[in-house]
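Colleague: What would the 3D arrangement of this be:
(chains A, B, C and D)
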Protein chains: 2
Amino acid sequence: MPPRMPEDIRRGVEEKGGLEGILLNVPSKKELETLAKIHSALGDPLRLRIICFLRVQESCVCLLREVVKIPYSKLSYHLSVLKNAGLIRGEKRANFIIYSLTPLGRKYAEDTCRRKP
Amino acid sequence: MPPRMPEDIRRGVEEKGGLEGILLNVPSKKELETLAKIHSALGDPLRLRIICFLRVQESCVCLLREVVKIPYSKLSYHLSVLKNAGLIRGEKRANFIIYSLTPLGRKYAEDTCRRKP
DNA sequence: TTGGTATTTCAAATTATCTTAAAATTTTCT
DNA sequence: AGAAAATTTTAAGATAATTTGAAATACCAA
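Modeller: Sure thing, here's the model as predicted:
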């Protein structure tokens, strides 16, 4: 703990088991990295729009393209970001790929897509 | 809707009021931008660590520095990202600045800092 | 097998985010 | 007033994310 710091905060920390005590309740480096990756993936309006659309309707890429109005290659990139974060999955059906939310993705979508930040 | 697309998906969309019907349930551009900004701010392990620490203890910058072990100027930058997203606030007290979660920040911290992505 | 459609991949160019060190600001203490 | 501490700001450079368009894949249909 810093030699100089506000007394009330020093007391607060000590009551909670010191810095180490508090840090036990903070997720590990690896956990934080996973969480950060998920939040980064959600950190773009286009990708959020995709997530919120998939929340109500699974979709081929061709339909998503009408939802977000961007070229295929760009869309594909953003889908890969969401997929790498574990939020969506793509399943090949005929010569379409159908994207849908994973259980993780659904959890975040329910929290995020229902208005009021 | 695309001329060619899987029939089951076309039916799903039509049952839900067509593309427009579905898109009514998707947050507006402005809302998505706000949400994206919040998620972006959470999209970094260092910043998540700060959020999870503040969840249990409000703190001066000097203490946070020991939590994240980075130079002041870098820390200050990351605090500004969190502040601009509306997740934390800083209040000047003596010649310290005490950072704490906003209600919004607390909401996200509770969801995020309790393990299991 | 030929051709068409849906989608992804790649590499280059662009843009945004992050880091660094130094200088500036604000407040307190003497 | 002057010095010292806590923190932020700035501007530059470094790194990472995104966009673009062309080419590659994979699958289906004739």
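
Colleague: Can you pull the residues of chain A lying near DNA strand C?
Modeller: Within reach of DNA strand C by Cβ under 7 Å from any atom of the strand, chain A has these residues: A:60-62, A:65, A:72-73, A:75-77, A:79-80, A:90, A:95-97. Where you see a C-beta, it was placed from the backbone N, CA and C, and this is true even at glycine.

Colleague: what do you get if the cut-off is 6 Å, keeping everything else the same?
Modeller: A:60-62, A:72-73, A:76-77, A:79-80, A:90, A:95-97 (Cβ under 6 Å from any atom of the strand).

Colleague: In chain A, what residue spans correspond to strands?
Modeller: Under the criterion DSSP state E, chain A contains strands at A:59-60, A:88-93, A:96-101.

Colleague: The last one: which residues count as buried?
Modeller: Burial within strand A:96-101, assessed by neighbour count using 16 or more other Cβ atoms under 10 Å in any protein chain shown, is assigned to A:96, A:97, A:98, A:99, A:101.

Colleague: hmm, back to that, and the strands of chain A: which comes nearest residue B:46?
Modeller: Closest approach to residue B:46 among the strands of chain A (Cβ to Cβ): strand A:88-93, 26.4 Å.

Colleague: Chain A: helices as residue ranges?
Modeller: Shown for chain A, the helices assigned by DSSP state H span residues A:7-15, A:18-23, A:29-42, A:45-56, A:61-68, A:72-84, A:103-112.

Colleague: Mean neighbour count, those: which tops it?
Modeller: Among these, helix A:45-56 has the highest mean neighbour count (mean count of other Cβ atoms under 10 Å in any protein chain shown), at a mean of 22.

Colleague: Need the buried residues of strand A:96-101 in JSON lines (columns: distance to DNA strand D).
Modeller: Conversion of the buried residues of strand A:96-101 to JSON lines gives the following (distance: Cβ to the nearest atom of the strand, whole Å):
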{"residue": "A:96", "distance to DNA strand D": "9"}
{"residue": "A:97", "distance to DNA strand D": "9"}
{"residue": "A:98", "distance to DNA strand D": "12"}
{"residue": "A:99", "distance to DNA strand D": "16"}
{"residue": "A:101", "distance to DNA strand D": "19"}
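
Colleague: Not including adjacent chain positions, what is the nearest residue to residue A:10?
Modeller: Nearest residue to residue A:10, sequence neighbours excluded (Cβ to Cβ, 6 or more residues apart in numbering or on different chains): residue A:1, at 6.5 Å.

Colleague: between the buried residues of strand A:96-101, which is nearest residue A:25?
Modeller: Of all those, residue A:25 sits closest to residue A:101, with 29.6 Å by Cβ to Cβ.
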